[in-house]
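Engineer: sequence and predicted structure are below.
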Amino acid sequence: MGSITIDRESLVPLALLDAMDGEIQGKTRLQKLAFLLDEEELGDQFDAYTYRKYDYGPFSKSLLEDIEDLEEKGLVKISTEKTVGGNTRYDYVLEDSGRKAVEQLTSRGGDIDVIFNAAEAIANEYGHLSLRDLIERVYDRHSEYTENSVYQY
């Protein structure tokens, strides 16, 4: 990995990408999975991000900054795609260098394993859900985040 430094918080999107077979489609999906990882799996062990009530529930600007930083380091590729509705979807893919970084990080064990194991649990429980179902699951479990939502269910 050389001189690449990864902040502790950046382990969250890296671990989620690894757990999701190297790809997460959409900012909203990334935000919800990271929120669930933070709130339901890691809890008080590791508070990675602060979330605010936003259009589709919990949102962290720092999470987006961290994944953009991972892209600048060559570990993640961010691409855009137009949706049927004309919106832009951001897709996140773990690059080969990102996979190597994950291998090196997880070989260390300890706290890092806790984050990667928790990300696996989130991917297993929520990774297969449609975006609609994922948002609704977050709202059902954390209804305080429906306050500023533009999403109706």
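Structural biologist: On my side now, so go ahead. Numbers count the residues shown, from 1 in each chain.

Engineer: and stretch 79-89, which residues are buried?
Structural biologist: Residues of stretch 79-89 classed as buried: residue 89 (neighbour count, 16 or more other CB atoms under 10 Å). To be clear about C-beta, it is placed using only N, CA and C from the backbone, and glycine gets the same treatment.

Engineer: where does this structure have low pLDDT?
Structural biologist: By pLDDT under 70, the low-scoring segments of the chain are 1-3, 152-153.

Engineer: at which residues are the strands of it located?
Structural biologist: Here the chain has its strands, by DSSP state E, at 23-25, 52-54, 57-59, 76-82, 88-94.

Engineer: tell me the most buried of the ones you listed?
Structural biologist: Greatest average neighbour count among the strands of the chain goes to strand 57-59 (a mean of 23), per mean count of other CB atoms under 10 Å.

Engineer: adjacent strands (with direction) for that one?
Structural biologist: The sheet places strand 57-59 alongside strand 52-54 (antiparallel), with pairing taken from DSSP bridges.

Engineer: end to end on stretch 119-138, go ahead and measure it.
Structural biologist: 16 Å (CA to CA, to the nearest Å).

Engineer: for it, buried residues please.
Structural biologist: 119-120, 122-123, 126-127, 134-135, 138.

Engineer: one step back: for the strands of the chain, give me JSON lines that also has distance to residue 148.
Structural biologist: Below are the strands of the chain laid out as JSON lines (distance: least, CB to CB, whole Å):
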{"stretch": "strand 23-25", "distance to residue 148": "23"}
{"stretch": "strand 52-54", "distance to residue 148": "4"}
{"stretch": "strand 57-59", "distance to residue 148": "9"}
{"stretch": "strand 76-82", "distance to residue 148": "25"}
{"stretch": "strand 88-94", "distance to residue 148": "21"}
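
Engineer: nothing else from me, thank you.
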